[in-house]
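**Student:** here is a sequence together with a model predicted from it:
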Amino acid sequence: MIFKKDNLRLGLILGLIGPLLGLVIVYYIKFPSYKFKDFLDYFMHDNRMITSIGSLSLLANVILFTVYVNTQRDNTAKGIFVITLFYGIGILLLKLFNPAH
């Protein structure tokens, strides 16, 4: 099974997919009355939403990272961690340079 592998590439892929899946889950739970495009626009332009939704989206990677570290698949965990850092920096930059703050 793919999730039993231990390699950096798998971690990078999972790290990219996790927050996107987290974002979709947040959308369906908290904002089902919005069109997805409107939800993304709201997310990208409201600093409070950038922080809260961004953090919830990254929670998916925290879960994945914890699972892979606890099962001693450190190379995959490294990939997840690296991508999580990139997402976190991206969220921080989006928040800092958002003209609507």
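**Tutor:** Arrived safely. It should be emphasised that the depicted structure is a prediction, and the values quoted were computed from it without experimental measurement.

**Student:** quick one: contacts for the residue positioned nearest the centre of the chain?
**Tutor:** Centroid check for the chain by CA atoms, centre = their mean gives Pro19 as the closest residue, at 2.2 Å. Counting by CB atoms under 8 Å, 6 or more residues apart in numbering, Pro19 makes contact with Ser57, Leu58, Ala60, Asn61, Thr84, Tyr87. In this view, the C-beta of every residue, glycine as well, is placed from N, C-alpha and C.

**Student:** and stretch 53-71, average pLDDT?
**Tutor:** Averaging pLDDT along stretch 53-71 gives 93.

**Student:** count the residues that sit near Thr84.
**Tutor:** Counted with other CB atoms under 10 Å, residues neighbouring Thr84 total 21.

**Student:** for the remainder of this discussion, apply numbering that starts at 14.
**Tutor:** Understood, numbering begins at 14; the last thing we discussed is Thr97.

**Student:** any idea which element it lies in?
**Tutor:** Here Thr97 sits within helix 87-109, counting by DSSP states H and E.

**Student:** name the residues that touch that helix?
**Tutor:** Identification of contacts with helix 87-109 by CB under 8 Å, 6+ apart yields 18-29, 31-32, 57, 60, 63-64, 67-68, 70-71, 74-75, 77-78, 81-82, 114.

**Student:** what's the distance between stretch 68-84 and the middle of its chain?
**Tutor:** Distance, stretch centre to chain centre, for stretch 68-84: 9 Å (CA atoms, centre = their mean, to the nearest Å).

**Student:** and the contacts of Pro32, which of them are buried?
**Tutor:** Using 16 or more other CB atoms under 10 Å as the burial test, these include Ser70, Leu71, Ala73, Asn74, Thr97, Tyr100 as buried.

**Student:** for the third one, give its distance to Leu53.
**Tutor:** Yep, that's Ala73 we're talking about. Counting by CB to CB, to the nearest Å, the gap from Ala73 to Leu53 is 17 Å.

**Student:** gap between stretch 38-49 and the chain center?
**Tutor:** Distance, centroid of stretch 38-49 to centroid of chain: 16 Å (CA atoms, centre = their mean).
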